[in-house]
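>>> predicted model and sequence below, questions to follow.
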Amino acid sequence: MRILQVSAEIFPLLKTGGLADVAGALPQALAAAGCDVRPLLPGFPAIMAGLQQPIAIGSFTLPWGESATVRLGSLPAVPAGTAPLRAYVVDAPGLFDRPGNPYEDAQRRPYADNHRRFAALCWAGAHLAHGIDPHWGPQVVHCHDWHAALTPACMRFWPGPADPVASVYTVHNLAYQGLFERHHFGELGLPAAAFQLEGLEFHGQVSFMKAGLYYADHLSTVSPTYASEIQSAEQGCGLDGLLRARRDRLSGILNGVDANVWDPARDPGIARRYDVQRLAGKARCKADLQRGTGLDTQADAPLFALISRLVEQKGVHLVLAGVSEMVQQGGQLLVLGNGDPDLEQALSLQALQHPGRVAVHLGYDEALAHKVFGGSDVTLVPSRFEPCGLTQMYGLKYGSLPLVRAVGGLADTVVDADLATLEDRSATGFAFGPFTDAAYRHAVRRAFALYRNRAAWARVRNSGMRQAFDWQVPAQQYATLYRSLLA
C-alpha cells in the first residue's frame, strides 16, 4: 500500500513536541509492516536543510496566487544504516522560510498568515493525491494534527475528476484546532458550500480541524481512552457532537515509542547505558544529571522531573503548589520546557528559593531530555487532559516511574501502585483522579513512601521497564485500517 503522511514536523529534522516523534517513527514502522510510506512536509528551513538530493517533481499555484514547488528527496536514516525515507517537501520560501518557531514569531504570536501556510501544505497533499508526481501516487493520505487537517477537504473539492484516494485524519490534541477568522475562508480555495455547519464553520470561524473531522474517510486519535473522552462534552472542545456522529469511523490507536531513539541500553546521550537487568548505570546517570543541572549530588533524594510544555493543560500549577512540600520531604525537582511566561517565571522563582533542590531549564533541549529520563526517579505528567502522552512512556522505558493523572493515554499506559497491583506486580507508576492540588500531593506522598521501600520500588520500576510500547502493534493497526478503507 502506498501511504502519503502529511504533517508539519518530523524527527529528527524539526521537533517542537510529540507530533514530530510520531511522524518520524510511524513511517519506519509501517514500512516494516509492508507499506510504502512517504511523508509530506512544509519547507521550513530545518526540513529543507535536511532533505537530501531534492528534485522538483512539479509546481502548482495556490488559491491566492502564490506559487509552490513540490520536491522529492530523502530524509536522514534513523537509525544510521537503515534505508533512508523518501519524502516530499512543499518549497514556498515566502510562506516557510522564517527563523525561529515554525508557528510563531519572536514575540510568540502565531503568524498572521498561518491559514495560508498550512493550506499550502494541504493543497500539496491534494495535488500528490491527484497525480502531480507521475511516478508515485498514494492510495491513502494520512493527515496528522490541525496543520494537515484541511487536506481531506481539498481532496473532496478537487476541481476536476477525482481519483479514488482514501483519507485518514488523526487528532493529536483536540484543544488545538487551527481556528481562523471567517474572512480568511475566501483565501483557502474551497467552494462556499464548505463553509457551513456540516463543513469548516465553527461558531462563525474557520476550523481546519473540523475539516479533517468532517471530510476524512476515517478518523483516529492517539489512545483508546482519548477516543472515548473526546465524544463527551467535557473533553469534546465543542466538537463532541460531530465526533459522536462519526464514532463508527473513529479509532483510538495508542502511539508507540521509537526504540531506535529512546532506549537506555543503547542511548549514546546518557552517562552510562543500562537496562532492566543491569541497572547500575542509572545511579551514574542520576549523579551526572544532578551535577549538570546544579542540583545537590545526593543519591538518596528522589528526583522528580517535569519535561513538558509549561501550560495549564499540563498541570504545571499543581506542580508549583507542591514544590515546598516536595522539598521538605527531601525530594528534588527538575523542570525542562517552556510555554506560559507566568508559569516560566513562577518555576524560575522556585529554583531561586530552593537552590540545589529545584532546577529549571527553559526551552526544549533534546539532548538534555535524554539525560533527564536517564537520571530521574519520577516523571511527572499531571495533565488536565492528555490525548496520549509520550513522556510517561519514555519514563517507563528509562526506569523513571510516571506520576500521572488517569486520563487519556496516561490511563492506558500507567498502572497505579496500590495494594493489589503491588501484590500482583502489575504496578508501573502512580495515578490520581481529580484534577486538584490535594489529589496530586497525595500521589506525590505515595511516591515518597514507595521510594523508601527500596525492594518494592525496584519491583515497580522493573515492571515498568518491561512494558512493550514499541511501534509494531500500532503500525499493524494502521495497516489494517488502511486495508479496510481500500477494500
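Yep, that arrived.

>>> chain center to whatever helix or strand Lys282 lives in, what's the gap?
For Lys282, the host element (DSSP states H and E) is helix 280-293. On the basis of C-alpha atoms, centre = their mean, to the nearest Å, helix 280-293 sits 27 Å off its chain's mean C-alpha point.

>>> and what of stretch 177-190?
Centroid separation between stretch 177-190 and its chain, computed with C-alpha atoms, centre = their mean, is 25 Å.

>>> would you mind measuring the gap between the ends of that stretch?
End-to-end distance for stretch 177-190, by C-alpha to C-alpha, to the nearest Å: 18 Å.

>>> and the helix holding Lys282, which residues are buried?
281-282, 284-290, 293 (16 or more other C-beta atoms under 10 Å). (C-beta placed from N, C-alpha, C; glycine too.)

>>> what's next to that helix, contact-wise?
For helix 280-293, the external contacting residues (C-beta atoms under 8 Å, 6 or more residues apart in numbering) are 264, 270-274, 295-299, 303, 332, 334, 359, 361, 371-372, 374-377, 398-399.

>>> mind redoing it with 7 Å?
Residues outside helix 280-293 that contact it (C-beta atoms under 7 Å, 6 or more residues apart in numbering): 270-274, 296-297, 299, 303, 334, 359, 361, 371-372, 374-375, 399.

>>> alpha carbons of that helix, in PDB - could you do that?
The C-alpha coordinates for helix 280-293 follow below in PDB (Å, rounded to 0.1, in the frame of the first residue of the first chain):
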ATOM      1  CA  ALA A 280      23.900   0.100  38.000                       C
ATOM      2  CA  GLY A 281      24.200   2.700  35.200                       C
ATOM      3  CA  LYS A 282      21.100   4.500  36.300                       C
ATOM      4  CA  ALA A 283      22.700   5.700  39.500                       C
ATOM      5  CA  ARG A 284      25.600   7.000  37.400                       C
ATOM      6  CA  CYS A 285      23.100   8.800  35.200                       C
ATOM      7  CA  LYS A 286      21.400  10.400  38.200                       C
ATOM      8  CA  ALA A 287      24.700  11.800  39.600                       C
ATOM      9  CA  ASP A 288      25.600  13.100  36.200                       C
ATOM     10  CA  LEU A 289      22.200  14.800  35.900                       C
ATOM     11  CA  GLN A 290      22.400  16.400  39.300                       C
ATOM     12  CA  ARG A 291      25.900  17.800  38.700                       C
ATOM     13  CA  GLY A 292      25.000  19.000  35.200                       C
ATOM     14  CA  THR A 293      21.800  20.900  36.400                       C
END
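
>>> partners of the helix or strand just after that helix, with directions?
Sequence order places strand 303-307 as the next helix or strand after helix 280-293, per DSSP H and E. Taking DSSP bridges as the criterion, strand 303-307 forms sheet pairs with strand 332-337 (parallel), strand 378-381 (parallel).

>>> quick one, which of these is packed in tightest?
Of those, the one with the most neighbours on average (mean count of other C-beta atoms under 10 Å) is strand 378-381, at a mean of 28.

>>> residues in contact with Pro93?
Contact analysis of Pro93 by C-beta under 7 Å, 6+ apart lists nothing.

>>> same question, Tyr103
So Tyr103 contacts 110-111, 114 (C-beta under 7 Å, 6+ apart).

>>> among those, name the buried ones.
Asn114.

>>> redo the contacts of Tyr103 as JSON lines? Include pLDDT and distance to Ala321.
JSON lines is the format used below for the contacts of Tyr103 (pLDDT from 0 to 100; distance: C-beta to C-beta, whole Å):
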{"residue": "Pro110", "pLDDT": "93", "distance to Ala321": "30"}
{"residue": "Tyr111", "pLDDT": "95", "distance to Ala321": "35"}
{"residue": "Asn114", "pLDDT": "98", "distance to Ala321": "34"}
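
>>> among the contacts of Tyr103, which one sits closest to Glu386?
Nearest to Glu386 among the contacts of Tyr103: Pro110, at 22.9 Å, using C-beta to C-beta.

>>> might one say that the closest one is in contact with Asn101?
No: Pro110 is not in contact with Asn101 according to C-beta atoms under 7 Å; the separation is 9.5 Å.

>>> okay, now the unreliable bits of the stretch 301-450 of the chain?
Nowhere does the stretch 301-450 of the chain drop to pLDDT under 70.

>>> so can I have a markdown table of the strands paired with strand 303-307 showing distance to Ala417?
As requested, the strands paired with strand 303-307 are exported to a markdown table (distance: least, C-beta to C-beta, whole Å):
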| stretch | distance to Ala417 |
| --- | --- |
| strand 332-337 | 20 |
| strand 378-381 | 12 |
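
>>> so which of those strands gets nearest Arg249?
Closest among the strands paired with strand 303-307, using C-beta to C-beta: strand 378-381, at 29.5 Å.

>>> show residues contacting that closest one.
By C-beta under 7 Å, 6+ apart, strand 378-381 touches 302, 304-306, 319, 389, 391-392, 395, 400-404, 410, 447.

>>> for the stretch 301-450 of the chain, just list every one of the strands.
303-307, 332-337, 358-362, 378-381, 401-405, 430-432 (DSSP state E, counting those that start in this stretch).

>>> between those strands, which one is nearest to Gln350?
Comparing those by C-beta to C-beta, strand 358-362 comes nearest, at 5.0 Å.

>>> next, Tyr169: secondary structure please.
Under DSSP: H, G, I helix; E, B strand; the rest coil, Tyr169 falls in the strand class.

>>> how many residues are close by it?
Residue neighbour count, defined by other C-beta atoms under 10 Å, stands at 27 for Tyr169.

>>> who's in contact with it?
Applying C-beta under 7 Å, 6+ apart to Tyr169 gives the contacts 143, 149, 152, 212-213, 216, 219.

>>> the residue nearest to Arg247 when sequence neighbours are not counted: which element?
The spatially closest residue to Arg247, leaving aside those adjacent along the chain, is Gln231, at 6.2 Å (C-beta to C-beta, 6 or more residues apart in numbering). When secondary structure is defined by DSSP H and E, Gln231 falls outside every helix and strand.

>>> so who does Gln231 touch?
240, 243-244, 247.

>>> dihedrals phi and psi, it?
Phi and psi for Gln231, reported as degrees, to the nearest 10, are phi -90, psi 0.

>>> state the distance from it to Leu243.
For Gln231, the distance to Leu243 equals 5 Å [C-beta to C-beta, to the nearest Å].

>>> repeat for Asp288
From Asp288 to Leu243 the distance is 45 Å (C-beta to C-beta).

>>> burial count for the residue lying closest to Gly24 once chain neighbours are set aside?
Computed as C-beta to C-beta, 6+ apart, the closest residue to Gly24 that is not its neighbour in sequence is Phe11, at 3.5 Å. Counted by other C-beta under 10 Å, the residues lying close to Phe11 total 19.

>>> hang on, Phe11 packs against Gly18?
No: the pair Phe11 and Gly18 fails to qualify as a contact (C-beta under 7 Å) at a distance of 9.6 Å.

>>> is Phe469 within a helix or a strand, and which one?
Here Phe469 is assigned to no helix or strand, by DSSP H and E.
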